Structures are given as C-alpha cells and as structure tokens.
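A.B. asks: From the sequence below, what's the structure:
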Amino acid sequence: MSSPTPLIPLEPAGPGRARSRQGVPERSRAPFRPKNRRRVLCVFPRYTHSFGTFDHAFPLMKVRAFMPPQGILVIAACLPEEWEVRFIDENLGAAADGDYQWADVVFISGMHVQRGHISAINDRAHAFGKLTVLGGPSVSGCPEWYPDVDLLHVGELGDATDAILARLDASVARPARQEVYTTEERLPLAEFPAPAYRLINLTEYFLASIQFSSGCPYLCEFCDIPELYGRNPRLKSPAQVTAELDAMLARGNPGSVYFVDDNFIGNQKAALDLLHELARWQKERGYPVQFACEATLNIAQAPEILELMREAYFCTVFCGIETPEEHALEFIQKKQNLRRPILEAVATLNRYGLEVVSGIIIGLDSDTETTGERIVQFIQASQIPLLTINILHALPKTPLWRRLEAAQRLVKAPGRESNVDFLLPYDTVVEMWRYCVARAYEPEAIFDRFDYQIAHTFPNRVRVPNSPARVSWANIRRGLGILGRVLWHAGARSDYRARFWRTALPALRRGNIEDVIHVGLVAHHMILYARECLRGEAEKCFYGEALPAPEPASVA
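C.D. replies: Reported below is the predicted structural model:
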C-alpha cells in the first residue's frame with residue numbers, strides 16, 4: 001500500500017553541474033586506484049522550509065526528510081572502494097563532533113538556497129582542522145561565493161573529479177590558498193554509477209528520486225538550467241534506470257519515486273524508450289512504486305508519451321506554468337506554454353490520470369495590480385490542488401539576471417526576500433503573494449480542488465494489482481499507521497476537520513484509502529504552511545534568503 005504524494009523538485013539531479021555548453025567533450029573514466037587510505041565525510045546541508053519540502057507531513061508519515069540528495073550520493077559512489085565513507089544528511093540531523101574528528105576530508109554539496117548552511121558546514125570542518133571540498137550546482141554556478149572552502153569542484157563528474165581524488169590521495173593537508181578544479185571533460189551520464197544507497201535508509205525519506213536525463217532545450221528567461229546543464233539533454237540508458245530502481249528498493253520501498261530531470265520530455269524519443277522499459281519493470285515487479293516527474297506543459301501534445309506514462313503508473317507531473325497571462329509568458333520566453341490553451345492542457349493531463357502540480361511566479365515585469373486576482377481565478381478554473389507560489393528572484397547566470405543587472409535592478413536590502421527591483425512597488429508584490437497563498441490554501445478551496453481530482457483524475461489511472469510488492473504486511477501496517485495519524489490530526493484535532501471529512505468519508509466508503517492519505521497529507525501541509533506565510537514565518541521565494549525552519553511537531 002504505497003501512499004501517493006505530489007512531488008516538488010528541490011535538488012537538481014546529478015553531482016556538481018558545470019556551466020555546460022553545447023559540445024562539451026565527454027570521456028570514459030578509468031577506475032582510480034589510490035595509494036593511501038582516506039576517510040571521507042560527505043555532508044549535505046539542510047533545506048529551507050518551503051512549499052515543497054512537506055515538513056508538516058513528516059510526523060504523519062513518520063519520516064524525517066524530503067528526499068535523498070542524488071548528487072552527493074553519486075559522488076560517494078565514485079570514491080575508491082579502499083576509502084571509508086560516511087554520509088550525513090543534515091535534514092535528518094547534524095553531523096556530530098566525532099564525525100568531523102574521524103574524517104580526513106569533508107565533502108559538501110548543495111544549491112544556492114543552502115548557501116548559508118554550506119558555509120556553516122565548511123566553518124565547522126575547519127574548526128576541526130579538516131580539508132573541505134565543495135561541489136554541486138551552487139558552486140558550479142557561482143564559485144566566487146565560496147572563497148573559504150579549500151577545494152572547489154566546478155562542473156559535473158569528470159576530469160575535475162579525477163584530479164581531486166588524486167590530490168586527496170597525495171595529501172589531505174589544507175592548502176595555503178584555495179584550489180579550483182573545473183571539469184573540462186564530463187563523464188557520460190550513461191556511465192554514472194548508481195547513488196550510494198548503502199549509506200542511507202530510504203524509509204526515513206518522504207519519497208525517493210532518480211535521474212534519467214540532464215538539460216532542457218528551452219530558454220525561459222528566469223531559468224538557469226540551459227546554461228548550467230546544457231540544452232541538448234544527456235541521457236542514461238533505460239536499463240541503467242531500472243537497475244537503479246532495483247538498487248533503491250533493496251534499501252527500502254519509499255512508495256513514490258520522483259524523476260528529478262530538468263525536463264522529462266527534453267528528448268521525447270528517449271522518454272518513449274524509457275517509458276516502455278518502466279512499464280515492463282512495473283508489471284514484472286507488481287507495481288511497487290508510483291512515479292512522478294517534471295515536464296514542460298507541451299507534454300499534453302504527446303498522447304503516446306501520456307499513455308505510456310499511465311501504463312508505467314506515473315501519477316504526478318510538475319509543470320512550470322509560471323503565470324496564466326499569455327503576454328507574460330511571451331515576455332519571459334515561456335512560449336512552449338502557448339502551444340495549447342493552458343486549461344485545456346491541464347485537463348488533458350488529468351484525463352491520463354496525471355495530477356498536475358504547478359509553479360507560479362509573482363513579480364514579473366508584466367504583472368499589474370490585478371494579476372493576483374487572475375492567478376486565483378486560474379487556480380479555481382484549473383483545479384490544480386498544489387501550486388508553489390513564489391515571488392520572483394533572479395538567479396545568477398540567467399538571462400533575467402543579466403537584463404536586470406544591465407538595468408541596475410538587482411538589489412539586496414535587509415528584510416527584502418527578493419533581489420529584484422520590481423516595476424510594481426515591493427509591498428504591492430508581497431501583498432499580492434499573500435493574497436494568492438491565502439486564497440489558494442483556504443481549507444475549503446484546497447479540498448474542493450482535491451474533490452475534483454478524486455472524481456476526474458484519479459479514476460483514470462491504471463488499475464494496479466494487489467501484488468506482494470504492494471500489499472505486504474509491512475506496507476499494510478505502514479499505510480494503516482499513516483491513515484490513523486491523518487485521521488487523528490486532520491480529522492480530529494484540526495480546525496478544518498469538518499471540511500476534511502466531507503472529502504474523506506465518501507472516499508473511505510469506496511475503499512479509496514490511498515486517496516484519503518494523499519489528500520490528507522498534502523492538504524495538512526499546505527494549510528499549515530500557508531498560515532505560516534500569512535504570519536510572516538515562511539520565505540516568499542525558495543531561492544531567497546532562508547528563514548529558520550520551525551521544527552515539526554512530534555506525533556504520537
């Protein structure tokens with residue numbers, strides 16, 4: 001009994017990501033044979049509390065973090081077998097003093113939003129006199145942000161990785177000045193090892209993740225993916241992906257697996273090949289998991305892909321809709337969303353059993369004082385239950401950043417959670433964001449949208465068998481435990497319990513326990529998170545400066 005959950009991508013897949021260009025060479029990698037033994041501590045920093053981390057659902061699920069960090073686990077898998085490796089995900093708990101004392105070298109990875117935590121880990125390692133190495137998407141995009149780290153790995157897995165391993169084999173002494181290693185020849189994605197799942201317990205995570213491709217062909221103004229990862233998607237083989245799924249299940253079944261690809265259909269032929277393999281894999285193993293992915297909205301124009309996604313038990317797709325206003329989509333170069341009316345595209349995805357999750361941006365140059373009301377109307381018309389609503393923040397190395405920099409519209413000021421000098425007054429943009437969040441996540445509104453999904457989307461999914469992979473005693477006990485906590489906290493203790501039961505009771509009478517779990521978990525998190533937003537206790541942009549995350553309440 002797996003419990004469906006909508007999934008929000010947080011960490012770009014793969015290890016460090018370089019400012020990849022078309023035609024960057026690739027090469028195979030010979031195994032590195034060290035002369036010395038080393039002890040490597042891999043530390044992943046905490047995420048910022050946000051729409052998509054589902055913190056408030058953790059106690060109900062009895063999990064401790066959102067999803068395992070693919071990148072640093074891939075790096076851990078690349079380390080020589082002769083070296084001892086420890087992995088600490090600080091979303092589960094901070095590394096202990098003994099971990100730092102044990103290590104010869106400390107590896108760190110993370111995104112821009114984790115910048116403060118990255119620096120804190122580096123400082124702590126240095127307090128113990130340990131050499132530090134930083135890789136991942138943030139340092140690959142902005143190495144200048146990290147002057148105090150000893151060794152920087154800029155770019156993807158490749159020759160820079162080999163050079164760092166050779167350097168560590170020769171010496172783990174801290175250098176007199178920072179050393180920067182930049183990937184010039186990347187390892188083909190088809191030769192990436194499976195992440196080091198042996199170092200984690202998957203049952204501690206809300207969901208699992210997997211990578212198939214890297215890169216996106218589109219050039220949305222606010223997005224750094226094409227410049228960081230390239231426009232021509234690089235690919236793993238379908239057999240490689242299913243082998244990783246088998247390795248993942250050997251460490252526990254999370255129930256849901258999210259494809260963290262930048263755009264799942266960046267190469268549609270490759271996506272078709274993968275989906276055939278995934279459908280076969282699911283049938284042979286009794287549909288042990290459900291899948292989700294991120295894709296551009298033009299996936300609605302690919303019926304063969306959608307039918308195979310249904311057959312492979314894809315239940316959720318995250319689409320960056322960004323705004324329902326067509327002139328705004330033109331302005332931000334999100335023209336792929338204009339190939340078909342947005343509401344029609346969302347309805348098409350629903351007909352294949354795909355619940356749509358959407359990103360919405362507030363603060364675009366094309367916004368007016370009535371944009372907030374049009375967003376709320378779109379949310380009601382689309383019946384999308386979950387939308388991440390963020391205030392615009394300019395990421396470095398994007399066309400948006402360069403345009404605003406040239407216009408001297410990049411700002412940083414105390415108490416301001418965006419670096420953009422909006423054309424509308426800042427307070428107007430913030431109030432519009434508050435209005436949209438409040439209206440979207442009123443209990444009546446979110447449960448109404450879920451009622452629509454229960455009636456019009458969920459029944460269109462493939463009927464999965466009651467196989468041993470799905471209805472083992474362990475899965476049944478886990479599912480009933482989650483259901484009990486959902487019913488207690490949403491159905492008994494919450495102030496929205498009457499509205500919860502209007503959705504839950506009909507579903508329970510039909511035996512749709514998974515629907516009740518799914519709706520209860522997501523709505524509970526979103527209602528509580530929206531209230532934090534309105535109290536000023538949550539960040540307005542996932543890429544902005546992080547506020548301290550409240551600790552989830554304990555649940556009996």
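
A.B. asks: And S50, what's its pLDDT?
C.D. replies: pLDDT recorded at S50 is 77.

A.B. asks: Around it, how many other residues sit close by?
C.D. replies: Using other CB atoms under 10 Å, S50 has 23 neighbouring residues. To be clear about C-beta, it is placed using only N, CA and C from the backbone, and glycine gets the same treatment.

A.B. asks: Do you have the strands of the chain handy? List them.
C.D. replies: Under the criterion DSSP state E, the chain contains strands at 39-44, 84-89, 105-109, 131-135, 151-154, 179-182, 208-210, 213-214, 234-235, 256-259, 290-294, 314-322, 355-362, 386-391.

A.B. asks: can I get these in TSV with mean pLDDT and distance to D99?
C.D. replies: Below are those laid out as TSV (pLDDT from 0 to 100; distance: least, CB to CB, whole Å):
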stretch	mean pLDDT	distance to D99
strand 39-44	98	6
strand 84-89	98	6
strand 105-109	98	9
strand 131-135	98	14
strand 151-154	97	19
strand 179-182	98	24
strand 208-210	95	24
strand 213-214	91	31
strand 234-235	93	34
strand 256-259	96	28
strand 290-294	97	33
strand 314-322	95	34
strand 355-362	96	36
strand 386-391	94	33
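
A.B. asks: of the ones you listed, which approaches R280 most closely?
C.D. replies: For R280, the closest of the strands of the chain is strand 290-294, at 13.7 Å, according to CB to CB.

A.B. asks: Show me what the lowest-mean-pLDDT helix or strand in the chain is packed against.
C.D. replies: The weakest-scoring helix or strand in the chain, judged by mean pLDDT, DSSP states H and E, is helix 225-229 (a mean of 78). In this structure, helix 225-229 makes packing contacts with helix 137-141, judged by 3 or more CB pairs under 8 Å, 6 or more residues apart in numbering; DSSP states H and E.

A.B. asks: and the helix it packs on, how far out from the chain's middle?
C.D. replies: Its chain's average C-alpha position is 16 Å from that of helix 137-141, according to CA atoms, centre = their mean, to the nearest Å.

A.B. asks: what helices or strands is that helix leaning on?
C.D. replies: Packed next to helix 137-141, using 3+ CB pairs under 8 Å, 6+ apart, are strand 151-154, helix 225-229.

A.B. asks: now the shortest one, how far from the chain's geometric center?
C.D. replies: Mean-position distance between strand 151-154 and its chain equals 23 Å (CA atoms, centre = their mean).

A.B. asks: what does it contact?
C.D. replies: 16, 18, 131-136, 139-140, 143, 146, 160-161, 164, 167, 175, 178-183 (CB atoms under 8 Å, 6 or more residues apart in numbering).

A.B. asks: what separates R502 from G491, distance-wise?
C.D. replies: R502 sits 11 Å away from G491, going by CB to CB, to the nearest Å.

A.B. asks: For the two, indicate the residue with more neighbours.
C.D. replies: Using other CB under 10 Å as the criterion, R502 and G491 rank with G491 on top: 18 against 13.

A.B. asks: Can I get the least confident helix or strand of the chain as PDB, trimmed to CA atoms?
C.D. replies: Presented in PDB, the C-alpha positions along helix 225-229 are these (Å, rounded to 0.1, in the frame of the first residue of the first chain):
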ATOM      1  CA  ILE A 225      19.100  25.100 -16.400                       C
ATOM      2  CA  PRO A 226      20.200  25.600 -20.100                       C
ATOM      3  CA  GLU A 227      23.400  27.400 -19.000                       C
ATOM      4  CA  LEU A 228      24.200  25.100 -16.100                       C
ATOM      5  CA  TYR A 229      23.200  21.800 -17.700                       C
END
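
A.B. asks: Mind listing what's buried along that helix?
C.D. replies: By neighbour count on 16 or more other CB atoms under 10 Å, the buried set for helix 225-229 is 225-229.

A.B. asks: Make CSV out of the residues you listed and add distance to E156.
C.D. replies: As requested, these are exported to CSV (distance: CB to CB, whole Å):
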residue, distance to E156
I225, 13
P226, 15
E227, 13
L228, 9
Y229, 8
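
A.B. asks: Tell me how many other residues crowd L152.
C.D. replies: With other CB under 10 Å as criterion, L152 counts 24.

A.B. asks: Bridged to it, which residues?
C.D. replies: L152 has these beta-bridge partners by DSSP bridges: L134, V180.
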